[in-house]
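[1] Provided below for reference: sequence and predicted model.
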Amino acid sequence: MLRLGKIFTPKIIYTPMDLEIYELKKIDLRDGIVIDGFPSVGLVSSIVANYIIESLNLEQIAIVDSPYFPAVALVRNGVPLSPVRIYGGKVKENLKISVFVSEFQIPTSLLKSMGTLMLDWADEQKISTVITPEGIIQEEKKEEVNVYAVTSTDYAKKKIPQGILEFGEGVITGVTGVLLTEGKKRDTDVIALLAEAHPDYPDARAAAKIVEVLNEIMQGIKIDPKPLYEEAEKIEKNLAQIREQAAKVKKVPKDYIYA
């Protein structure tokens with residue numbers, strides 16, 4: 001069951017699984033953009049979502065809850081936060097943005113319902129475009145990070161900046177996969193931005209590349225990706241040092257290994 005309007009006028013929409021939206025503040029998001037920030041390869045989606053929230057000073061407007069979510073509270077600046085949250089705001093006169101964000105993996109059994117929930121909520125808010133950043137495994141180490149795009153409609157494809165590669169063949173799983181297939185079925189504009197990322201650590205460089213693409217899509221607003229690139233350099237430098245130190249460690253003699 002999905003409940004909209006915990007504080008305001010209640011509205012109930014039934015969904016396949018137990019998911020609820022508790023609305024904390026009502027804001028006008030008509031013709032705006034909603035961004036998916038559920039964890040993906042290299043935590044790219046979560047990094048992008050949190051960076052947008054912080055950069056644009058978006059406020060929390062709702063909570064998504066389910067009895068199947070982990071029994072945890074994320075604490076920031078002494079404030080407990082739910083595992084899944086919605087932020088939003090009017091950034092400019094003609095640009096409204098909302099963000100679904102979570103630092104935790106959504107249970108597999110809830111992925112389809114979560115994607116459906118996002119699209120139901122977007123329809124309710126009269127949002128025009130759903131954007132889902134995603135990390136895809138980088139097959140080999142290289143300096144340049146490629147970003148690919150796939151859309152649910154031909155109209156959404158027109159919003160993709162020039163130079164972005166088309167994701168022609170492959171499998172996209174998780175919430176992003178649900179958003180694309182459901183968006184196709186509903187004729188809802190969904191844009192998936194897929195950045196090559198390292199699966200073994202938070203990839204801020206891949207997130208920065210997606211932010212650059214988002215700047216082109218969200219005309220009239222510029223989010224500085226430089227801090228993300230700086231963070232990526234720190235992470236990569238630390239990893240290089242760890243690998244260098246590990247390579248210097250001598251193997252333990254067999255005489256000191258006990259069965």
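    Here it is on my side, so go on.
[2] List the buried residues for the one helix or strand Glu54 maps to?
    Element membership for Glu54 (DSSP states H and E) is helix 44-55. With burial defined by 16 or more other Cβ atoms under 10 Å, the residues of helix 44-55 counted as buried are 44-53, 55. The way it works is simple: take the backbone N, C-alpha and C, and place the C-beta from them, glycine included.
[3] Output the below-cut-off pLDDT ranges for this protein.
    1-17, 139-143, 239-240, 242-259 (pLDDT under 70).
[4] What backbone torsions are found at the residue nearest in space to the middle of it?
    Closest to where the C-alpha atoms of the chain average out (Cα atoms, centre = their mean) is Gly37, at 2.2 Å. The phi and psi values for Gly37, taken as degrees, to the nearest 10, are phi -120, psi 40.
[5] Look up how far Ser98 lies from it.
    Remark: distance between Gly37 and Ser98 (Cβ to Cβ, to the nearest Å) = 10 Å.
[6] just Arg85 next, same as before
    Counting by Cβ to Cβ, the gap from Arg85 to Ser98 is 11 Å.
[7] Equivalent analysis for Glu230, please.
    27 Å.
[8] These two - which one has more neighbours?
    Using other Cβ atoms under 10 Å as the criterion, Glu230 and Ser98 rank with Ser98 on top: 23 against 12.
[9] Now for the closest residue to that one other than its chain neighbours: which residues touch it?
    Leaving out its chain neighbours, the residue that sits closest to Ser98 by Cβ to Cβ, 6 or more residues apart in numbering is Gly88, at 3.7 Å. By Cβ atoms under 8 Å, 6 or more residues apart in numbering, the contact set of Gly88 is 27, 29, 32, 58-59, 61, 96-99.
[10] again, only this time at 6 Å
    When contacts are counted by Cβ atoms under 6 Å, 6 or more residues apart in numbering, Gly88 touches 27, 29, 58, 61, 98.
[11] residue ranges for the helices of the stretch 51-200 of the chain, please.
    Using DSSP state H, counting those that start in this stretch, the helices found in the stretch 51-200 of the chain span residues 111-124, 154-157, 174-186.
[12] Output these as a markdown table; include the columns mean neighbour count.
    Output for the helices of the stretch 51-200 of the chain, formatted as a markdown table (neighbours: other Cβ atoms under 10 Å):
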| stretch | mean neighbour count |
| --- | --- |
| helix 111-124 | 21 |
| helix 154-157 | 14 |
| helix 174-186 | 20 |
